[in-house]
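Asks: Quick one: sequence plus predicted model below, questions after.
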Amino acid sequence: QVQLVESGGGLVQPGGSLRLSCAASGLTFTNYAMGWFRQAPGKEREFVAAISWRGGNTYYADSVKGRFAISRDDARSRVYLQMNNLKPGGTAVYYCYAERTTMKGKQNYWGQGTQVTIAS
């Protein structure tokens, strides 16, 4: 059974920092590209950041470039999202995402999410 468990969310003031962590189990972690999405109240889920299956490539939404950094620790089957200079618009539930493409098609998994609230 595949599980993605996020942690590290919470309440932080504008301009502050948080580090989200996602622990993966039940899958061969090194075979998967990993990512983070977020969903604010009343809005659709949106892409935040992704890292390739060997970690050589990273991708970011324009809204977080220069402020967020995604990384992975294959030995621990974890992916991280370092978030700096947080803005109130970043309040959302943040979801961990795992994806790989095989001959049979795309496989993807979601975590349950962790709440990030940015407020004074």
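Replies: Okay, I see it.

Asks: going forward, measure contacts and count neighbours with C-alpha atoms only.
Replies: Noted.

Asks: what about stretch 108-117, start to end distance?
Replies: This stretch, stretch 108-117, spans 26 Å end to end (Cα to Cα, to the nearest Å).

Asks: those strands in the protein, which residues are they?
Replies: 3-7, 10-12, 18-25, 33-39, 46-51, 58-60, 68-73, 78-83, 92-102, 105-110, 114-118 (DSSP state E).

Asks: Of these, flag the one that's most buried.
Replies: strand 33-39 (a mean of 23; mean count of other Cα atoms under 10 Å).

Asks: Asp73 bridge partners, please.
Replies: Listed by DSSP bridges, the beta-bridge partners for Asp73 are Arg78.

Asks: So it sits against Val79, correct?
Replies: Yes - at 6.2 Å, Asp73 counts as touching Val79 under the criterion of Cα atoms under 8 Å.

Asks: And the pLDDT at the residue nearest to Gly90 when sequence neighbours are not counted?
Replies: Spatial nearest neighbour of Gly90, excluding adjacent residues (Cα to Cα, 6 or more residues apart in numbering): Ile118 at 6.8 Å. pLDDT for Ile118: 97.

Asks: list the contacts for the residue nearest the centre of the chain?
Replies: Centroid check for the chain by Cα atoms, centre = their mean gives Trp36 as the closest residue, at 2.4 Å. When contacts are counted by Cα atoms under 8 Å, 6 or more residues apart in numbering, Trp36 touches 47-50, 81, 94-97.

Asks: Ala40: which of these is nearest?
Replies: Nearest to Ala40 out of those is Tyr94 (Cα to Cα; 8.8 Å).

Asks: State the distance from that closest one to Leu11.
Replies: 13 Å.

Asks: Over to Lys65?
Replies: If you go by Cα to Cα, the gap between Lys65 and Leu11 works out to 21 Å.

Asks: again, but for Ser120
Replies: Counting by Cα to Cα, the gap from Ser120 to Leu11 is 9 Å.

Asks: do Ala61 as well
Replies: In terms of Cα to Cα, Ala61 sits 22 Å off from Leu11.
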